[in-house]
Every structure is written in structure tokens, then in C-alpha cells.
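Novice: below is the sequence, then the predicted model.
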Amino acid sequence: MLTYHIDHRDSEPKYYYIYKKIKKDILSGNLKEGEKLPSKRSLAEHLGVSLITVENAYQLLKEEGYIEARERSGYFICRIEALAGAENEERQLHMLPMDWEKKDERWQPGAGAIQDFEAEHFQYSLYFKTIRSVISEYGEELRNSIARYLLRYRGVFAQPEQIIIGSGAEHLYGTIVRILGHDKIYGIEDPSYPQIRKVYEGTGAVCEKLKMGPDGIESGLLQETKADILHVTPFHSYPSGVTATIGKRYEYLKWAEAEEKYIVEDDFDSEFFMPGKPVETLFMLDRSQSVIYINTFSKSLSPSIRMGYMILPERLLGRYRERSGGFSCSVPVLEQYALAEFIDRGYFEQHLNRVRRKRSRMAADR
């Protein structure tokens with residue numbers, strides 16, 4: 001095991017500290033060519049950091065050619081003869097992999113001898129790689145904040161790496177199709193929020209409407225459906241206003257478990273439950289890792305805040321990274337960081353409490 005120690009009070013990004021320590025050990029010869037690095041999960045547990053932090057460090061080392069990933073085997077130290085005897089640390093820190101040194105005409109400044117000189121010496125690839133790294137690091141902060149909020153306020157336990165941030169529910173619907181496939185049949189409530197069907201069908205997927213009864217989708221239709229994925233809004237479905245009973249929720253879960261299928265739980269209005277304890281989510285009740293949970297801050301805070309999140313079951317994380325992990329986060333870094341602070345300071349829960357009290361007074365006045 002790599003015997004590093006992370007000072008959690010240090011302002012330096014944790015992934016960058018791990019990257020620097022491993023790189024230094026490679027260059028000094030402490031880590032030899034062909035030596036296997038610890039698994040990402042074991043190193044994360046050893047250092048007391050999240051899995052995504054170690055993933056970012058390993059990815060940076062891989063991009064710079066220090067390590068390589070071998071399928072189903074892990075990460076191994078590469079042969080780096082050109083750097084093995086280098087003494088100049090400044091040179092090492094600024095050296096780019098060979099394919100990054102190629103000029104990209106899309107990013108060059110205008111013509112002129114001085115501008116051409118600047119273009120030649122400015123490391124565009126390194127700059128944009130830094131931007132990606134910052135986005136990943138701040139994205140982790142928001143995921144951590146959401147995970148703590150969900151556990152504290154809703155009793156939902158999720159690892160930060162299971163939480164995917166997106167610019168609203170519709171963006172996340174599209175991500176789900178990339179993960180599960182556009183060749184699947186998506187069962188949706190009838191009636192339901194119109195954009196659900198539009199997004200799914202817009203990706204080429206087929207939707208099957210399932211009529212709502214007084215407690216959720218009618219049982220007979222649920223048993224007969226050819227759907228591979230069920231998209232439901234168990235709490236206060238729009239526009240019917242139906243909230244699924246606990247019996248109906250278990251019926252949904254039994255359907256998914258028996259058929260080895262998936263449920264998308266759209267929980268958009270649940271923060272404003274009244275009164276008492278929150279209704280248990282399907283994600284909380286699920287024991288077969290069949291539920292993808294979606295919620296959005298557009299409803300709970302303001303429509304102008306185009307931000308939402310989904311929680312993936314752990315068995316889908318590999319498929320997400322394979323099919324959708326390469327897409328940049330659609331939410332600006334500053335907005336992510338601000339929302340994380342808003343949640344951590346307790347302002348979000350204070351806001352929810354104010355809105356619920358106001359709704360309660362309005363209901364009493366009717």
C-alpha cells in the first residue's frame with residue numbers, strides 16, 4: 001500500500017496531492033516499471049478520500065503516460081526512459097505527452113510573429129486539462145453536500161460517486177437513455193409530465209403509456225407491460241396528483257426485481273411533503289439495485305436554477321462511465337460550488353421549512 005498521508009486541512013486538491021506523490025515515486029524509482037498500483041477503492045479507503053478523488057489522480061497519471069490501465073487487472077507503472085534520469089523538476093511538471101504537443105489550429109491566436117510565438121509556447125492542452133480537473137474537484141464537493149443532505153434530511157444513503165449532476169431533470173432523462181439504451185421500451189405514467197415522453201422519444205426510444213389508478217399504475221397493466229424501464233413519480237405525480245401507496249411501491253420493486261429491469265424514480269415534488277416524516281422513496285426500499293433516483297433544484301429552489309441530480313445504483317456505475325462519463329458536466333463550476341455552500345450552511349433546509357409552513361397556512365385558510 002502507498003504510505004501517503006493526506007492533511008484534510010490543506011487547501012490543495014486531494015487528487016492533485018495523490019498525483020504528485022505517485023509521480024514523484026515513479027521518477028525516483030520507488031515505484032518500478034510494471035509494478036501494480038493499489039485498486040482505486042482500496043487506496044481511497046486507505047487515504048480516507050472518495051473514490052472519484054483517486055480516479056481523478058489515476059486518470060491524470062494515465063493521461064501523462066506514467067501509468068497504464070490493463071483490462072480487468074488494474075493500473076501499472078509505465079516504462080518512461082526519457083524521464084528516468086531527469087533532475088529538473090520544473091521540466092518534469094511542464095512536460096506534455098507527445099500527442100498533446102501537436103498544434104490545434106482551433107485554439108491559435110491571430111496572425112503575427114509575437115502572437116505565433118505565444119501560441120507556440122502556451123500549453124493549451126494543459127490549460128483545458130486543468131479546467132476539466134477543477135470541474136471534477138468542485139463537482140465532488142457538490143456531490144458530497146447532496147449526499148450529506150440526503151442522509152440527514154431524507155434518510156437516503158448514497159456514496160458521492162453514485163450522484164450525477166445535470167442541468168435539470170430533462171438533461172438527466174437523456175443521460176439515462178445513454179446508460180440504459182435507446183433501444184429499450186420506457187413505461188411511463190398516463191397521464192404524466194409531457195417532457196418525459198418527449199425526451200425519451202426524441203432519443204429514439206419507445207414509450208408505452210400505463211394508465212394511472214387511485215394508488216399508482218394499474219396492477220394489471222404493470223404485469224402485462226413490455227417495458228424494460230419504468231419511469232414513475234411515486235410522490236404527487238403530475239398532473240394526476242396521485243401518491244403511490246407503500247403497497248404499490250413494493251409492487252413496482254417486485255416487478256423490477258423479478259424481471260431484472262430498472263425503475264426511474266422521479267421525486268421532483270417530494271421536498272414539500274406535508275406534514276411529518278418524508279414518504280419513503282423507492283430508492284430507500286430497493287434491495288436489488290434496480291432504482292435510479294432523480295430530483296431537481298428547479299422545483300425546490302427556483303425554475304431559474306437549472307440543476308438536478310440522480311443517484312445510480314452501484315451496479316450501473318461502470319456502464320455510466322463507459323457510455324456517458326466522458327461528457328462534460330452541463331452545470332457551471334461556480335453554480336455547483338455556490339449550491340454546495342448553500343446546502344452545507346443549512347440554508348436549503350431553512351428554505352424548505354419556510355415554504356412548507358406557508359403551504360400549510362394556505363391549506364388551513366381554505
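Specialist: Looks like it arrived, so ask away. Residues are numbered from 1 along each chain as shown.
Novice: buried stuff in stretch 240-260?
Specialist: Buried residues in stretch 240-260, counting neighbours by 16 or more other CB atoms under 10 Å, are found at 240, 242-244, 248-249, 251-253, 255-256. C-betas here are computed from N, CA, C, even on glycine.
Novice: what's the distance between residue 21 and residue 171?
Specialist: Spatial separation of residue 21 from residue 171 under the definition CB to CB, to the nearest Å is 36 Å.
Novice: would you map the helices across the stretch 101-250 of the chain?
Specialist: In chain order, the stretch 101-250 of the chain shows helices spanning 113-121, 124-149, 169-180, 194-202, 219-224, 246-259, with DSSP state H, counting those that start in this stretch as the criterion.
Novice: and those, which one is worst for confidence?
Specialist: Least confident of the helices of the stretch 101-250 of the chain, judged by mean pLDDT, is helix 113-121 with a mean of 42.
Novice: break the protein down into its structural domains.
Specialist: Taking automatic domain parsing as the domain assignment, the record places the domains of the chain at 1-92, 132-336.
Novice: what's the most buried one of the ones you listed?
Specialist: The highest mean neighbour count among the domains of the chain, using mean count of other CB atoms under 10 Å, belongs to domain 132-336: a mean of 18.
Novice: quick one: that one to chain centroid distance?
Specialist: Offset of domain 132-336 from its chain centre (CA atoms, centre = their mean, to the nearest Å): 13 Å.
Novice: ok, the residue nearest to residue 184 when sequence neighbours are not counted - contacts?
Specialist: Counting by CB to CB, 6 or more residues apart in numbering, residue 228 is the residue found nearest to residue 184 once chain neighbours are left out, at 4.1 Å. For residue 228, the contacting residues are 180, 184-186, 261-262, by CB atoms under 8 Å, 6 or more residues apart in numbering.
Novice: mind doing that once more with 10 Å?
Specialist: Shown in contact with residue 228 (CB atoms under 10 Å, 6 or more residues apart in numbering): 180-181, 183-187, 205-206, 208, 259-262.
Novice: same question, residue 204
Specialist: Contacts were defined as CB under 10 Å, 6+ apart; by that measure residue 204 touches 177, 181-183.
Novice: mind doing that once more with 7 Å?
Specialist: For residue 204, the contacting residues are residue 182, taking CB atoms under 7 Å, 6 or more residues apart in numbering as the criterion.
Novice: sorry, back to before: ok, the residue nearest to residue 184 to residue 284 distance?
Specialist: For residue 228, the distance to residue 284 (CB to CB) stands at 23 Å.
Novice: please apply the same query to residue 205.
Specialist: Distance from residue 205 to residue 284, by CB to CB: 27 Å.
Novice: again, but for residue 183
Specialist: Counting by CB to CB - residue 183 and residue 284 are separated by 30 Å.
Novice: also residue 208?
Specialist: Here residue 208 is placed at a distance of 27 Å from residue 284 (CB to CB).
Novice: which stretches of the stretch 151-300 of the chain have low pLDDT?
Specialist: Low-confidence segments of the stretch 151-300 of the chain, defined by pLDDT under 70, are located at 272-279.
Novice: all strands for this structure, in order.
Specialist: Taking DSSP state E, the strands of the chain run over residues 67-70, 74-77, 163-166, 185-190, 206-213, 216-217, 229-232, 262-266, 291-296, 308-311.
Novice: can you redo these as TSV with distance to residue 319?
Specialist: Conversion of the strands of the chain to TSV gives the following (distance: least, CB to CB, whole Å):
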stretch	distance to residue 319
strand 67-70	17
strand 74-77	19
strand 163-166	12
strand 185-190	17
strand 206-213	20
strand 216-217	26
strand 229-232	13
strand 262-266	11
strand 291-296	11
strand 308-311	14
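Novice: identify whichever of the ones you listed lies nearest to residue 354.
Specialist: strand 291-296 (19.0 Å; CB to CB).
Novice: angle of that closest one against helix 246-259?
Specialist: Angle, strand 291-296 to helix 246-259, by axes from the mean of the first three to the mean of the last three CA atoms, to 10 degrees: 130 degrees.
Novice: who does strand 291-296 pair with, and is each partner parallel or antiparallel?
Specialist: As defined by DSSP bridges, the strand partners of strand 291-296 come to strand 262-266 (parallel), strand 308-311 (antiparallel).
Novice: let's have the ones you listed in CSV, adding distance to residue 44.
Specialist: Listed next are those as CSV, based on distance: least, CB to CB, whole Å:
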stretch, distance to residue 44
strand 262-266, 27
strand 308-311, 19
